[in-house]
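Colleague: dropping a prediction and its sequence here:
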Amino acid sequence: MNKNVDSDLRLKALIFDVDGTLADTESAHLAAFNHAFAEQGLDWHWDVALYTSLLEISGGKERMLHYWNHAHPDMKDIDGSGLRDTIEHLHALKTAAYEAAVQGGAVQLRPGVLALIEQAHQQGLRLAIATTTSPVNIAVLLRNAIGPDWKDLFIVIEDASTAPKKKPHPLVYVQTLARLGLPSSACLALEDSSNGLKAALAADLNTIVTVNSYTKHHNFSGALKVLPNLADVDIEQLRSWHSEAPLTQLSHLHS
């Protein structure tokens, strides 16, 4: 193996999903959706079982639209406004409720996440975010969990505003890799869901999955590792797993 190929296979960046990966956010999101429905006068109420199934649909607006079309196909637009406008309004109410919950301390980073981010930053690894959530949700979460300078840690942030095609489509990862200026073989993705894993694998990224109560039943075939959390994981462990991973990019590196 020549030196250029060897360099491209060394771990140089970590790419984090947000919801469910950086933090256990889904319970707060669920409460925020139900708050928005009640504030708008809808009789909708999502319980944990229903919300767990709806998480198969990436994106809050897409999730509401899917539920509307399948559970209430005969329902008229609220107050005569268009379907898109109604979904936008509900999502704005939901986002405001979620932001208030996070600011009130309802969400914390998952075990081991902050220590791993800080260690990676200290060792010169590039850090990126690749998510289908909104910029507002990312900012309120990380501002409260890390501090006002949280953006200094992440050199690339791709989200719902920059990658409109949601996971399992790989667009958000493809764009993240392009902005990092690195081959996928030099990066590890960290995810929590099957849609996230599919998106990362479609971008040729080896992926560490940390499951949670909403995703523990998902199929994680193809993941490099499936873990309960990152509490006992450090950068040296990630480097070891990365070095032992299938060399999916080797043919591309020679071309």
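Modeller: Ah, there it is. Numbering: from 1, shown residues only.

Colleague: where does the prediction get shaky in the protein?
Modeller: Along the chain, the parts satisfying pLDDT under 70 run over 1-7, 76-81, 247-255.

Colleague: domain-wise, how is it divided?
Modeller: Residue ranges for the domains of the chain, per automatic domain parsing: 3-25+108-254, 27-103.

Colleague: okay if I get the ones you listed as JSON lines plus mean neighbour count?
Modeller: Backbone N, C-alpha and C define where each C-beta goes, glycine included. JSON lines is the format used below for the domains of the chain (neighbours: other Cβ atoms under 10 Å):
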{"stretch": "domain 3-25+108-254", "mean neighbour count": "19"}
{"stretch": "domain 27-103", "mean neighbour count": "16"}
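
Colleague: quick one, helices of the protein?
Modeller: Counting by DSSP state H, the chain has these helices, from start to end: 3-9, 26-39, 48-54, 60-71, 83-103, 113-122, 135-145, 171-180, 194-202, 235-244, 250-254.

Colleague: can you redo these as JSON lines with distance to P164?
Modeller: Output for the helices of the chain, formatted as JSON lines (distance: least, Cβ to Cβ, whole Å):
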{"stretch": "helix 3-9", "distance to P164": "30"}
{"stretch": "helix 26-39", "distance to P164": "20"}
{"stretch": "helix 48-54", "distance to P164": "20"}
{"stretch": "helix 60-71", "distance to P164": "10"}
{"stretch": "helix 83-103", "distance to P164": "14"}
{"stretch": "helix 113-122", "distance to P164": "27"}
{"stretch": "helix 135-145", "distance to P164": "13"}
{"stretch": "helix 171-180", "distance to P164": "8"}
{"stretch": "helix 194-202", "distance to P164": "14"}
{"stretch": "helix 235-244", "distance to P164": "30"}
{"stretch": "helix 250-254", "distance to P164": "27"}
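
Colleague: which stretch among these comes nearest D152?
Modeller: Nearest to D152, of all those, is helix 113-122, at 8.7 Å by Cβ to Cβ.

Colleague: could you dump the closest one to PDB, C-alpha only?
Modeller: Extracted in PDB, the C-alpha atoms of helix 113-122 (Å, rounded to 0.1, in the frame of the first residue of the first chain):
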ATOM      1  CA  VAL A 113     -20.500  12.200  24.000                       C
ATOM      2  CA  LEU A 114     -19.000  15.400  25.400                       C
ATOM      3  CA  ALA A 115     -15.800  13.600  26.500                       C
ATOM      4  CA  LEU A 116     -15.400  12.000  23.100                       C
ATOM      5  CA  ILE A 117     -16.000  15.300  21.300                       C
ATOM      6  CA  GLU A 118     -13.500  17.200  23.500                       C
ATOM      7  CA  GLN A 119     -10.900  14.400  23.100                       C
ATOM      8  CA  ALA A 120     -11.300  14.400  19.300                       C
ATOM      9  CA  HIS A 121     -10.900  18.100  19.200                       C
ATOM     10  CA  GLN A 122      -7.800  18.100  21.300                       C
END
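
Colleague: contacts for it, please.
Modeller: The contact list for helix 113-122, computed with Cβ atoms under 8 Å, 6 or more residues apart in numbering, reads 14, 16, 22-23, 127, 145-146, 153, 230, 233-235, 238.

Colleague: and which of these is nearest to D159?
Modeller: For the contacts of helix 113-122, the nearest to D159 is F16 (11.7 Å; Cβ to Cβ).
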